[in-house]
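J.: here is a sequence with its predicted model. Questions after.
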Amino acid sequence: MTVLDEAPGEPTDARGRVAELHEIRAQAVAGPSEKATKAQHAKGKLTARERIELLLDPDSFREVEQLRRHRATGFGLEAKKPYTDGVITGWGTVEGRTVFVYAHDFRVFGGALGEAHATKIHKIMDMAIAAGAPLVSLNDGAGARIQEGVSALAGYGGIFQRNTKASGVIPQISVMLGPCAGGAAYSPALTDFVFMVRETSQMFITGPDVVKAVTGEEITQNGLGGADVHAETSGVCHFAYDDEETCIAEVRYLLSMLPQNNRENPPRAEATDAVDRRSDVLLDLVPADGNRPYDMAKVIEEIVDDGDYLEVHERWARNIICALGRMDGQVVGIVANQPQALAGVLDIEASEKAARFVQMCDAFNIPIVTLLDVPGFLPGVDQEHGGIIRHGAKLLYAYCNATVPRISLILRKAYGGAYIVMDSQSIGADLTYAWPTNEIAVMGAEGAANVIFRRQIAEAEDPEAMRARMVKEYKSELMHPYYAAERGLVDDVIDPAETREVLIKSLAMLQTKHADLPSRKHGNPPQ
Ligand SMILES: CC(C)(COP(=O)(O)OP(=O)(O)OC[C@H]1O[C@@H](n2cnc3c(N)ncnc32)[C@H](O)[C@@H]1OP(=O)(O)O)[C@@H](O)C(=O)NCCC(=O)NCCSC(=O)CC(=O)O
């Protein structure tokens, strides 16, 4: 029973009304019951308000529509009309910059979305778009509120439409903090970043019971749509953590590297690492032998400010790394082949992962640095039948379409179509560099010799000796490190130890880059 469950009394004096307001507010903030809060904590989850407190700067939260209640009837809803209607909405600041937020309160109808709940979210999304500030959703809801039927479903439609309208305009971050089923899983997929917490958050279109009924498969909630599944297998989530506190702290970190909207640049930090810091260690990190693996993450660590960067989709498609870091305080997006996983080939998942990242960087004015060490696209029936052509095209399209500053550096090998796709000069990179160990070619020397000298090798008295001679000839003709530089296809061959300085000075020059694309409604990118 709330104050407003009874007809408001006779007007008393102003002080009486103010006291009444404070009482109502206290009820709204407290939520349904102490028991419900305990149940939430017992599941290892924080309440919506506790989460908002972790996300925003202290005392910065300003709530909107705290006193909203649903007007639905039937199924006993008339008697159950809690304030907030199960979602807390408002704005505050993160490191002093405005951020809009909505947080499902699982204690109210399992955080399920009804009509009033949905229109609160619509309002806060409209406010975020109008203000040009990021939107963070803290999701812990059971999907459409079943008692409200189609009104609830339509509420989701309004969210999806706004997610799409806001796409590429303001950063949208979805933080999954509970079981998010059905409608609750679609909106995050439309946003820029999805965060999850192991054990306590799940995302699925239909839960294990429906899966069992339809396909006969038996699986747990986590097995179906837990954080590890989405971070490693499906690629639905970009970041997965063990607890809510770490997860929300990382959301703050990510926000610190994003602009408020597409009309701003990402915030520049105080430079804390010397521009001309040499990286002699890179010569030991990257073996000259193109077949030997190494950890590209260590190269990134060496060239960014203070070795600090945030890897996106760290555990999905590990053969490519996508990361946000700073160079001389300026935020950059780094795309790099990872020779340590699948030799760094481009396959379906790697192409999708990098394409989305490049697109995100371009939308939010983040310059892109591409580090190449790529043997090519992954051959195979699975890949061809899985549509590697159209998935690879997504990456090509994303790079070709990107107007932010783009710099690429070839560390070692760069073969074939994969070389062209990974931001070569010919698809519009602003500056391309290579280390003296580069091998830019249509394919590896052995493969090339086998194709173009097949007849000579087959007819030779000693085919193996002939093959070795032809490989050598191909290498000396076409695969020496200066072949591309002589033709102007790389702008310079650089000393690896000077990589950081060269990249930073190039980024500084490109800061004022301006590029226009022909006028059009929008492109038709491969899907
Ligand atoms: C989300 C859950 C896994 C959480 O399980 P838990 O054991 O933690 O909690 P619980 O089941 O006790 O639920 C907590 C309270 O929320 C209520 N509750 C749960 N789901 C609800 C829903 N969708 N609508 C209205 N109320 C709901 C419960 O009745 C309960 O109320 P009380 O506290 O009063 O007892 C489960 O509740 C569940 O599977 N719910 C149904 C999810 C679903 O099918 N959603 C899709 C809807 S269709 C959709 O979204 C559109 C689409 O098809 O895509």
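T.: Yep, that arrived. Residues are numbered from 1 along each chain as shown.

J.: spatially central residue for this protein, please.
T.: Nearest residue to the geometric centre of the chain (Cα atoms, centre = their mean): residue 193, 4.1 Å.

J.: local confidence estimate at it?
T.: Predicted confidence (pLDDT) for residue 193: 98.

J.: do the same with residue 3
T.: The score at residue 3 is 48. That number is its pLDDT.

J.: same thing with residue 120?
T.: Here the pLDDT value assigned to residue 120 is 98.

J.: what helix or strand does it sit in?
T.: With secondary structure defined by DSSP states H and E, residue 120 is part of helix 115-131.

J.: who does that helix touch, helix- and strand-wise?
T.: Applying 3 or more Cβ pairs under 8 Å, 6 or more residues apart in numbering; DSSP states H and E, one finds that helix 115-131 contacts strand 62-64, strand 87-94, strand 97-104, strand 135-139, helix 149-166. C-betas here are computed from N, CA, C, even on glycine.

J.: what parts of the protein come near the ligand?
T.: For the chain, the contact set with the ligand under Cβ under 6 Å from any ligand atom comprises 109-110, 112, 142-147, 179, 181-183, 207.

J.: go with 8 Å
T.: 36, 43, 80, 106-107, 109-114, 141-147, 152-153, 156, 178-179, 181-186, 202, 205-207, 209-210, 221 (Cβ under 8 Å from any ligand atom).

J.: among those residues, the buried ones, what's the PyMOL command?
T.: Of those, the buried ones go into a single PyMOL selection, burial set by 16 or more other Cβ atoms under 10 Å:
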select buried, resi 106+107+109+110+111+112+113+114+141+142+143+144+145+147+152+153+156+178+179+181+182+183+184+185+186+202+207+221
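
J.: which ones among the residues of the chain next to the ligand are found in helices?
T.: Using DSSP state H to define helices, the subset of these located there is 36, 152-153, 156, 183-186, 209-210, 221.

J.: residue contacts, residue 279?
T.: If you count contacts by Cβ atoms under 8 Å, 6 or more residues apart in numbering, residue 279 has them with 302-303, 496-500.

J.: just to be sure, it is in a strand?
T.: No. According to DSSP: H, G, I helix; E, B strand; the rest coil, residue 279 belongs to no strand; its state is coil.

J.: could you check how far it is from the ligand?
T.: 50 Å (Cβ to the nearest ligand atom, to the nearest Å).

J.: report the separation between that residue and residue 304.
T.: When Cβ to Cβ, to the nearest Å is applied, the distance between residue 279 and residue 304 equals 11 Å.

J.: ditto for residue 354
T.: Counting by Cβ to Cβ, the gap from residue 354 to residue 304 is 18 Å.

J.: so for those two, which residue has more residues nearby?
T.: Using other Cβ atoms under 10 Å, the more surrounded residue of residue 354 and residue 304 is residue 354, with 29 against 22.

J.: ok, that one touching residue 335?
T.: Yes. Taking Cβ atoms under 8 Å as the definition, residue 354 is a contact partner of residue 335 at 5.2 Å.

J.: now for these two: what residues contact both?
T.: Common neighbours of residue 354 and residue 335, counting by Cβ under 8 Å, 6+ apart, are 320, 322.

J.: does anything pack onto the host helix or strand of residue 355? Which helices or strands?
T.: Taking DSSP H and E as the criterion, residue 355 maps to helix 348-363. Under the contact criterion of 3+ Cβ pairs under 8 Å, 6+ apart, helix 348-363 touches strand 320-327, strand 330-337, strand 368-374, helix 388-401.

J.: list the buried ones in that helix?
T.: 348-363.

J.: what does the pLDDT read for residue 451?
T.: For residue 451, the pLDDT comes out at 89.

J.: wait, what's in contact with the nearest residue to it once chain neighbours are set aside?
T.: When the adjacent residues along the chain are set aside, residue 451 lies closest to residue 443, with 8.0 Å between them (Cβ to Cβ, 6 or more residues apart in numbering). The contact partners of residue 443, taken as Cβ under 8 Å, 6+ apart, are 376, 415-416, 451.

J.: narrow those residues to those in helices?
T.: For the contacts of residue 443, the ones inside helices are 416, 451, with DSSP H as the criterion.

J.: okay if I get the helices and strands packed on helix 348-363 as JSON lines plus mean pLDDT, distance to residue 52 and mean neighbour count?
T.: Conversion of the helices and strands packed on helix 348-363 to JSON lines gives the following (pLDDT from 0 to 100; distance: least, Cβ to Cβ, whole Å; neighbours: other Cβ atoms under 10 Å):
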{"stretch": "strand 320-327", "mean pLDDT": "98", "distance to residue 52": "24", "mean neighbour count": "24"}
{"stretch": "strand 330-337", "mean pLDDT": "98", "distance to residue 52": "26", "mean neighbour count": "25"}
{"stretch": "strand 368-374", "mean pLDDT": "98", "distance to residue 52": "33", "mean neighbour count": "26"}
{"stretch": "helix 388-401", "mean pLDDT": "98", "distance to residue 52": "34", "mean neighbour count": "20"}
